[in-house]
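Asker: sequence? don't have it. structure:
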C-alpha cells in the first residue's frame, strides 16, 4: 500500500553497503534468492537476516564480497586493460587534488555514502592516513551508512486495530465507551486515513469517477481523490450538525441541505480543486463525531435515536453512522482503485450491520418507488394491514457479514414472513453492497434467483436506488 | 512517514482523555502511533505476529497507565518509541534465551550480539524517521537513489556545500544509534528513555 513499496526496486538494487550480509551469505552457503520468500524470523540462527530479506531480492552481487563495510568507491574500469588494447593516453591516475582541511572534513558524509567524485574520494582517502580525527569520523560515518534501511512496510493489518483496542478495553473497561453503532464508522474512517497517509501529492489529484444509480439508470460525476474526501467531509457534516458540531460548510450556502448539493457547493466555493489539505478537516471531524457520539450516546444515552436529516429523508443517528461507514468504505474503494492500491472489505461484523441497514431500508424504498410509479408490484399489490405478515422476498446474503432477511414487499408496515415468501434471492455480501452503492447495475448483479421475477426485479432496483452521489 | 513534531498540547490533552477512560481517545492514539510502534517492534523482532503482540502490549500499557507518561519529559511520541523499544528488546531476549535453554544452537555471546544488533537497527530506524526532513531527504537521495552530492544538491535546490553538510550531519545523527551499547536487563516502564530516542528529534 505504501509508496515505499513501489519504489523499493530503486532502493535496493545495490547492496554494496552491507558487507556483513555478504559475510552471512557465504557462511551459510545461501544463494541470494533464498531470502526472497521465507521469513525466517522464528529460527534463531537466521534471525538477523529476516528483516533484511529484501536486500537479496534485488541483490546483484555474487555474495563473495569481503567482510566488513566495503567502500563503495568506484573502482577504475578494468576493461581496457583486459582487452589488451593500448591504454588511452590521457587518464593517467591523476594525483588527488589538494583540498583544504575543512573541505575534506565537509566531504566525509558524501565520501561515506560514495557520493562524491572519484578525485574527491581519492583526496579523502589520502587524507585519512594523515589525520586521526577525520579517520575516526570517517569510520563512524561509514558504519552509520550500514544502518540505513529500507523503511518497513507501512501496511498494518487493518484488523489489528480492532484486536488491539478490544484487548485494551477488556483490561481496563472504558468510562466513556464508543457506542457499538459508532464502531463501524470509527474503523472505516481509520482504514481510509491509513490509505491516505501513504499516497503521494500527485495521487491526491488522480481522477475518480463517483458512480451511483439515479432514476433507474447509471449516473456518475468526475472528481479527484481530494474531491472524494471533500465529498465525505461535507456529507459527514450532516451527522456533525445533528450532534451540535460545527458545519464544515460554514459560510458556504448549499441550495438544498442534502448530500449532492452540499458537495457541489463545497467544491464550487473553493474555486480551486481540493488538495491533500482536505484530509485534516475530514479526519478531525470524524474523530469529533466519534468522540461526541461516545459522550452523548454511550450507555443509556438517547443520542442514537436523534434524527440526522439528509434533506429528503432522515435516519436515526445510529443508522446514519452506519450509512456513513458504508459510504466511507465505498469511496475508499473508489480511491484505492484510482491510485491502484489494494483495499479489503470491512470486518464481517461491520459489513453485516451495513447490509442489515440496507435490508431495513428496502421496504420504505419499495413503497416510495410504488408511489412514484417505477415498481411493477403496484399492479397487483396486496393490501396488508400494518403489523401483519405480507408477501415477502427472502434475501440470502452469502459470505462474510451475511445472513438472511425477509423483505416485506407490499408495505413498509408489514412484517416479513416465511409463510408468505414469494421469491428468494441469493447474493454475495460484497456484491450486494456494490449493488446498493450503485456500482453494479441491478441487471448485472450476480444473484441466484427463485420465484416471482417481478418482485426480484423490484427489490434489486430498489437496492440500487439506495445509492446516491 | 514524515510527521510534524507533536505539539505538547495534543500530548497533554491525549493523556487527560486516556486517564478519563475515553475509548475514542485510545482509537486516536492508535491511529497516530500504531505504524511507528509496529514498525519498530518488527525491526527488532523480525516477525509479524511478534510485532502485533508488542503493539497490543504497548497500547495496553498506555491505556492502563496513562499517568506513567510525563509530558514534562518530552513528546508522547518519543516516550512511546522508547517503551516499544524496551518491550521488543525484552521479548527478543526472552525468546532467544528460552531457545538457548532448550538446547538450541548458538552461544550466549551470539545471543547478546543478536540483541544488540536488533536494538541498534530499531534505534537507527527511529532516528531516520525523526531527523529533520531536509537531512532525511538528502540521505534518501544519496543512498537509496544513488545520487552523488552534486546531483543531490541540484535535486534539493541547495548549494553543494549545504548538500555535503546535510549528508554529514544526517550520518552523524544516525551514528548515535550505536552509542547505547547493549540494553541491560529490562528496566521498569518508568525508566528513562534510552539513548537514540529524543536526541535526534
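Answerer: Looks like it came in fine. From a predicted model like this one, the values you see are computed outputs, not experimental measurements. Residues are numbered from 1 along each chain as shown, chains lettered A, B, ... in the order given.
Asker: so residue A:426 is in which element?
Answerer: Element membership for residue A:426, per DSSP states H and E: strand A:415-428.
Asker: and for residue 133, the neighbour number?
Answerer: Using chain A. For residue A:133, the tally of surrounding residues (other Cβ atoms under 10 Å in any protein chain shown) stands at 10. No exception for glycine: its C-beta is placed from N, CA and C like everyone else's.
Asker: try again with chain B
Answerer: Using other Cβ under 10 Å, residue B:133 has 11 other residues around it.
Asker: go on, residue A:307?
Answerer: 13.
Asker: and it, what's its pLDDT?
Answerer: Model confidence at residue A:307, given as pLDDT, is 91.
Asker: likewise for residue B:85?
Answerer: Per-residue confidence (pLDDT) for residue B:85: 95.
Asker: so it touches residue B:120, yeah?
Answerer: No. Counting by Cβ atoms under 8 Å, residue B:85 does not reach residue B:120; the two are 10.7 Å apart.
Asker: hang on, the earlier thing: direction included, what does the strand holding residue A:426 pair up with?
Answerer: According to DSSP bridges, strand A:415-428 forms sheet pairs with strand A:389-398 (parallel), strand A:448-451 (antiparallel).
Asker: quick one, which of those strands is nearest to residue B:69?
Answerer: Taking Cβ to Cβ, strand A:389-398 is the member of the strands paired with strand A:415-428 nearest to residue B:69, at 45.2 Å.
Asker: now what about that closest one, what contacts it?
Answerer: When contacts are taken as Cβ atoms under 8 Å, 6 or more residues apart in numbering or on different chains, the neighbours of strand A:389-398 outside the stretch itself are A:355, A:359, A:362, A:382, A:384, A:402-411, A:414-429, A:432, A:448, A:451-452, A:455-456, A:459.
Asker: which SSE is the residue most central in space within chain B in?
Answerer: Closest residue to the average C-alpha location of chain B: residue B:126 at 3.8 Å, with Cα atoms, centre = their mean. Under the criterion DSSP H and E, the helix or strand holding residue B:126 is helix B:108-130.
Asker: show me what that helix is packed against.
Answerer: Contacts of helix B:108-130 with other secondary structure elements, assessed using 3 or more Cβ pairs under 8 Å, 6 or more residues apart in numbering or on different chains; DSSP states H and E, are made with helix A:47-50, helix B:23-45, helix B:76-101, helix B:133-139, helix B:160-175.
Asker: close to chain A, is the last one?
Answerer: Yes. Helix B:160-175 lies within reach of chain A by Cβ under 8 Å from any Cβ of the partner chain, at B:161, B:163-172, B:174-175.
Asker: low-confidence ranges in chain B?
Answerer: Confidence mapping of chain B against pLDDT under 70 gives the ranges B:1-7, B:180-201.
Asker: circling back: select only the buried ones of the residues of helix B:160-175 next to chain A in ChimeraX?
Answerer: A single ChimeraX command selects the buried members of the residues of helix B:160-175 next to chain A (16 or more other Cβ atoms under 10 Å in any protein chain shown):
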select /B:163,164,165,166,167,168,169,170,171,172,174,175
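Asker: mind putting the strands paired with strand A:415-428 into TSV with mean neighbour count and mean pLDDT?
Answerer: What follows is the strands paired with strand A:415-428, written out as TSV (neighbours: other Cβ atoms under 10 Å in any protein chain shown; pLDDT from 0 to 100):
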stretch	mean neighbour count	mean pLDDT
strand A:389-398	22	93
strand A:448-451	14	90
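Asker: okay, the ones you listed in CSV with distance to residue B:112 next?
Answerer: As requested, the strands paired with strand A:415-428 are arranged in CSV below (distance: least, Cβ to Cβ, whole Å):
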stretch, distance to residue B:112
strand A:389-398, 54
strand A:448-451, 62
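Asker: kind regards, and thank you for your time.
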